[in-house]
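A.B. asks: Give me a 3D structure for the following:
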Amino acid sequence: MKFFILLLLSVNFLSAKSVNPRELADLAQERAPLIKIFLEQESMGQSQLKQSHILANPILTYQGGRLKSGTQSGQVTDLTLMQPVPWPGKRSALIKSHEFLSRISQMDVAEAKLSLGHRVYILAYELASEVEIEKHNKERKERFSLIAKYLSSRPLASPKQQLDRDIIESQIRLVEKLMNQVTARKNGLREELRLLTGLDDLEINVDWEKLPNAHPRDFYASNIGEGWRLKKIDQSVKLSENRIEEARLQARPDIMVGVNYRQENVAPTNHFYHGQVAVVIPIVDRGQHSVQTARAQLRREEASMKLALQETNTELAYSYESLLAAKNGVSLFPMNLRRKSEVRFQRAEDAFRKGQIDVMTFLQSDTQVHENIDLIYTSRLEYLTAVSRLEQLVGHYLEEK
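C.D. replies: Numbers count the residues shown, from 1 in each chain. Purely as a prediction, here's the structure:
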């Protein structure tokens, strides 16, 4: 069912190309080349697991020759069929190891999808933010251009008025430089999104008023062990423990059972039927070094688990503080501040045209408006990034409230 929903969404996206960040992230998880690589790796793990359940092939040997007994001679044929039979526990230990490896491959896919989804999610918001900043800078350039035109149209301009015009023209060049930088960032973001989703000319629909209502307490309730990094290391620890058992079982003999048929074409013709048991005796190679290797591997994985727990706890603590700071930033720069700032700037522009304020005061007003609008979107990106980081640490998305 999920496949058909994603297929329907994909068809709709390809035609309309107007999506919100979460929809784009979901689409990338199904289309990105990186995910396909991990899916192939998962498929390999599944195939190896299935292969481990299959018994080894039987061995058929044929021998032929001539037999001479007194005055009699004739053709001799000897057929032997042997089947390797693993020592009890050897095959089950091998299967168990492949089960762990298969689960690790599945977790690799889940982790890659979660990481990629968050990357695309943040990229989409960054692109939407750059689009808003681009609109704002275009409006700034248009306003400054009109003012420069107004200043140039005045006859017998005083030295102060000429200086004001030069300052405004310099400000226009500065805004144009900012616009070029925004365009470069926007094009880079579009290219990265195109690579991850396969879609061109995306239109990102963002409701900046509606963001995930996240709070650190939402993550305290999450099980830290649910993060994919810790889950994979836990499976690696169990795999290493099983590898020790596999190595110990190397000291058990390998067995082959079979049947033999022999025919001697002499008078009278002789037929022989008998069973066979062959044992590979572990005298020289008893797997002792394999056991030591497996134990060292286990110690390494246990140390990795301990370090990963410490790092995850540290990252969680830091991310909690980052989320609180980002949440405060969003409160300090609400979306309605943009409209309020633009209204105040319009008043400053009118006052400048009437000569009630000088050009420096006018430019300070513009700078304040520009900084406010930039911080409105920057604070939201910081907040979304903090939420995204926490979601990756705990291994699941936060429900939007």
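A.B. asks: three-state assignment of Ile54?
C.D. replies: Under DSSP: H, G, I helix; E, B strand; the rest coil, Ile54 falls in the coil class.
A.B. asks: biggest helix in the chain by residues?
C.D. replies: Scanning the chain for the longest helix, with DSSP state H as the assignment, gives helix 90-153.
A.B. asks: measure the spatially closest residue to Tyr377 that is not a sequence neighbour to Gly329 for me?
C.D. replies: Leaving aside its sequence neighbours, Tyr377 sits nearest to Ser129 (CB to CB, 6 or more residues apart in numbering; 4.1 Å). Using the backbone N, CA and C atoms, a C-beta is placed for each residue, glycine as well. The gap separating Ser129 from Gly329 is 14 Å, by CB to CB, to the nearest Å.
A.B. asks: okay, these two: which has more neighbours?
C.D. replies: Taking neighbours as other CB atoms under 10 Å, Ser129 and Gly329 compare with Ser129 leading, 24 against 18.
A.B. asks: what sits against the more buried one?
C.D. replies: Ser129 sits next to Tyr377, Thr378, Arg380, Leu381 when contact means CB atoms under 8 Å, 6 or more residues apart in numbering.
A.B. asks: Would you format the residues you listed as a markdown table with neighbour count, distance to Thr197 and pLDDT included?
C.D. replies: Compiled in a markdown table, these are given as follows (neighbours: other CB atoms under 10 Å; distance: CB to CB, whole Å; pLDDT from 0 to 100):
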| residue | neighbour count | distance to Thr197 | pLDDT |
| --- | --- | --- | --- |
| Tyr377 | 23 | 22 | 95 |
| Thr378 | 16 | 24 | 94 |
| Arg380 | 21 | 22 | 94 |
| Leu381 | 16 | 20 | 94 |
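A.B. asks: out of the residues you listed, which one sits closest to Glu191?
C.D. replies: Among the contacts of Ser129, Leu381 lies closest to Glu191 (CB to CB), at 18.9 Å.
A.B. asks: The closest one contacts Leu123, doesn't it?
C.D. replies: No: using CB atoms under 8 Å, Leu381 makes no contact with Leu123, being 10.5 Å away.
A.B. asks: when you compare where the next helix or strand after the longest helix of the chain runs with where helix 90-153 runs, what's the angle?
C.D. replies: Once the chain leaves helix 90-153, the next helix or strand it forms, by DSSP states H and E, is helix 159-197. Angle of helix 159-197 versus helix 90-153, following axes from the mean of the first three to the mean of the last three CA atoms, to 10 degrees, is 160 degrees.
A.B. asks: Please name every helix or strand in contact with helix 159-197.
C.D. replies: helix 21-31, helix 90-153, helix 359-394 (3 or more CB pairs under 8 Å, 6 or more residues apart in numbering; DSSP states H and E).
A.B. asks: now do 10 Å
C.D. replies: On a contact count with 3 or more CB pairs under 10 Å, 6 or more residues apart in numbering; DSSP states H and E, helix 159-197 meets helix 21-31, helix 33-52, helix 90-153, strand 203-204, helix 359-394.
A.B. asks: ok, longest strand in this structure?
C.D. replies: Among the segments of the chain that qualify as a strand by DSSP state E, the longest is strand 72-85.
A.B. asks: elements contacting whichever strand or helix holds Gln276?
C.D. replies: For Gln276, the host element (DSSP H and E) is strand 270-280. When contacts are defined as 3+ CB pairs under 10 Å, 6+ apart, strand 270-280 packs onto strand 59-69, strand 72-85, strand 254-264.
A.B. asks: residues touching the closest residue to Gln106 other than its chain neighbours, list them.
C.D. replies: The shortest distance from Gln106 to any non-neighbouring residue, by CB to CB, 6+ apart, is to Glu42 (5.7 Å). Contacts for Glu42 (CB atoms under 10 Å, 6 or more residues apart in numbering) come out as Ser102, Arg103, Ile104, Ser105, Gln106, Met107, Asp108, Val109, Ala110.
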